[in-house]
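Novice: next one to model:
(chains A and B)
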Amino acid sequence: QVQLVQSGGGRVQPGRSLRLSCSASGFTFSRFPMHWVRQAPGKGLEWVSAVSDHGRETAYADSVKGRFTVSRDNSKNALFLQMDSLRPDDTAIYYCAIIWIGDSDFSYWGQGALVTVSS
Amino acid sequence: IQMTQSPSSLSASVGDRVTITCRASQGIGNSLAWFQQKPGKVPTLLLTRASNLQSGVPSRFRGSGSGTYFTLTISSLQVEDVATYYCQKYDDTPWTFGQGTKVDIK
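Specialist: All right, here's what the predicted structure looks like:
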């Protein structure tokens, strides 16, 4: 079965960096674009970033552009989100996700990783 | 493109018909998905292409619309439908979500 297992969350001071990881299994990882979505405490979902199946194309929300970098290692079935210059309003649960709408449609999400940015 | 949902919350009785609206600031064709997020859980995909019900989703959920105006209707609200519902556009990046509609039982 499809599994997305996340790691790397934690508490960090403003201005510092953090790297999230997402380990995929149960499907052909290299075939699918991947997404990062975050949810601030008690708030709604916010799409953060996406990376193409091969990793050469990326996209970001305006709120994180220039500070966050998404990447993937298809040889290790792994997705990453490098978060630099973190701010208190980046505090959220971060989810990695497949949201595939194509020949068939499906969506799978990781368990989430809490990132707290606070001094 | 901004996605605006209304209402932000609603309370209805079991068996009621419930409708949630999602408006796009520009036309997105039918490139709209609906997600359900129950408290403490990750979101689940309900519909794609504005009206395509995902396998396993009860038929009381129905989506419609195209362009800039979309609706999600629950024909007969059940206790297990208590959740927050989000629309999301996917015509192009950014894949923006609406702000969510929280549904509970009166």
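
Novice: from now on I want contacts and neighbour counts done on CA atoms only, so please keep to that.
Specialist: Will do.

Novice: for the residue nearest the centre of chain B, name its beta-bridge partners.
Specialist: Centroid-nearest residue in chain B: B:Trp34, 4.2 Å away (criterion: CA atoms, centre = their mean). As for beta bridges, B:Trp34 partners with B:Leu47, B:Cys87 under DSSP bridges.

Novice: surely it and B:Thr96 touch.
Specialist: No. Counting by CA atoms under 8 Å, B:Trp34 sits too far from B:Thr96 to count as a contact (11.8 Å).

Novice: what's the overlap in contacts for those two?
Specialist: Residues touching both B:Trp34 and B:Thr96 (CA atoms under 8 Å, 6 or more residues apart in numbering or on different chains): B:Gln88.

Novice: spell out which residues of chain B are next to chain A.
Specialist: Contact residues, chain B versus chain A (CA under 8 Å from any CA of the partner chain): B:42-45, B:48, B:54, B:86, B:93-100.

Novice: show me what counts as buried in stretch B:99-106.
Specialist: B:99-104 (16 or more other CA atoms under 10 Å in any protein chain shown).

Novice: can you give me how far it is from the chain middle?
Specialist: The chain centre lies 11 Å from the centre of stretch B:99-106; the measure is CA atoms, centre = their mean, to the nearest Å.

Novice: let's see it as PDB, backbone CA atoms only.
Specialist: The C-alpha trace of stretch B:99-106 is given here as PDB (Å, rounded to 0.1, in the frame of the first residue of the first chain):
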ATOM      1  CA  GLN B  99     -10.100  28.800   3.200                       C
ATOM      2  CA  GLY B 100     -12.300  25.900   4.200                       C
ATOM      3  CA  THR B 101     -15.900  25.400   5.300                       C
ATOM      4  CA  LYS B 102     -16.400  23.800   8.700                       C
ATOM      5  CA  VAL B 103     -19.600  21.600   8.900                       C
ATOM      6  CA  ASP B 104     -21.100  20.400  12.100                       C
ATOM      7  CA  ILE B 105     -24.400  19.000  13.400                       C
ATOM      8  CA  LYS B 106     -27.000  21.200  15.000                       C
END
